[in-house]
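Colleague: have a look at this prediction, sequence included:
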Amino acid sequence: MANSRATGNLYTGTTSRSYIKQREVREKRTIERLEQQAQLEPHEAIVFGEIAALKNEIAMELGNVITLDMDKEDVKSIVYGLRLATSKMTSLETRLKNVLRKRIAAETEADDEATDDSDL
């Protein structure tokens with residue numbers, strides 16, 4: 001008779017060694033992100049100012065590029081190109097904000113370590 005309890009689906013195949021490797025990978029990514037963040041923080045206002053200026057410049061180009069004698073297809077392609085450029089700039093801005101975003105868990109962990117060291 002087959003095993004009445006179906007526990008085979010509970011086994012994930014992970015071991016303590018794989019957990020250690022996953023933790024090491026996470027720690028490496030965290031260190032890399034913090035290094036990137038440290039490099040970008042002094043220039044944050046300048047970079048986001050430039051991105052905002054480029055977005056405004058792209059919006060202003062719409063009036064300069066389109067003329068009355070253009071075909072409908074040409075206008076659509078220009079508008080599509082300008083929207084694509086704007087979306088790329090927004091994507092860049094989002095990626096930079098994600099790099100610069102401070103994680104609450106990392107901050108509380110750093111605070112906990114600081115209090116642990118002061119208890120000694």
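Modeller: Good, I have the coordinates. Just so we're clear, the structure is a prediction, and the values are computed from it rather than from any experiment. Residues are numbered from 1 along each chain as shown.
Colleague: helix or strand with the lowest mean pLDDT in this structure?
Modeller: helix 104-119 (a mean of 54; mean pLDDT, DSSP states H and E).
Colleague: so which residues of the protein form helices?
Modeller: Assigned by DSSP state H, the helices in the chain fall at 16-40, 44-65, 72-100, 104-119.
Colleague: dump the ones you listed into JSON lines; add mean neighbour count as well.
Modeller: For glycine as for every other residue, the C-beta is placed from the backbone atoms N, C-alpha and C. Formatted as JSON lines, the helices of the chain follow (neighbours: other CB atoms under 10 Å):
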{"stretch": "helix 16-40", "mean neighbour count": "11"}
{"stretch": "helix 44-65", "mean neighbour count": "12"}
{"stretch": "helix 72-100", "mean neighbour count": "13"}
{"stretch": "helix 104-119", "mean neighbour count": "9"}
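Colleague: confidence-wise, which of those helices is weakest overall?
Modeller: Mean pLDDT values for the helices of the chain show the minimum at helix 104-119, a mean of 54.
Colleague: how far out from the middle of the chain is stretch 68-84?
Modeller: Put simply, stretch 68-84 sits 31 Å off its chain's centre (CA atoms, centre = their mean, to the nearest Å).
Colleague: so what touches it?
Modeller: With contact meaning CB atoms under 8 Å, 6 or more residues apart in numbering, stretch 68-84 is reached by 58, 59, 61, 62, 65, 66.
Colleague: would you mind giving these as a markdown table with distance to residue 20 added?
Modeller: What follows is the contacts of stretch 68-84, written out as a markdown table (distance: CB to CB, whole Å):
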| residue | distance to residue 20 |
| --- | --- |
| 58 | 48 |
| 59 | 51 |
| 61 | 53 |
| 62 | 54 |
| 65 | 57 |
| 66 | 59 |
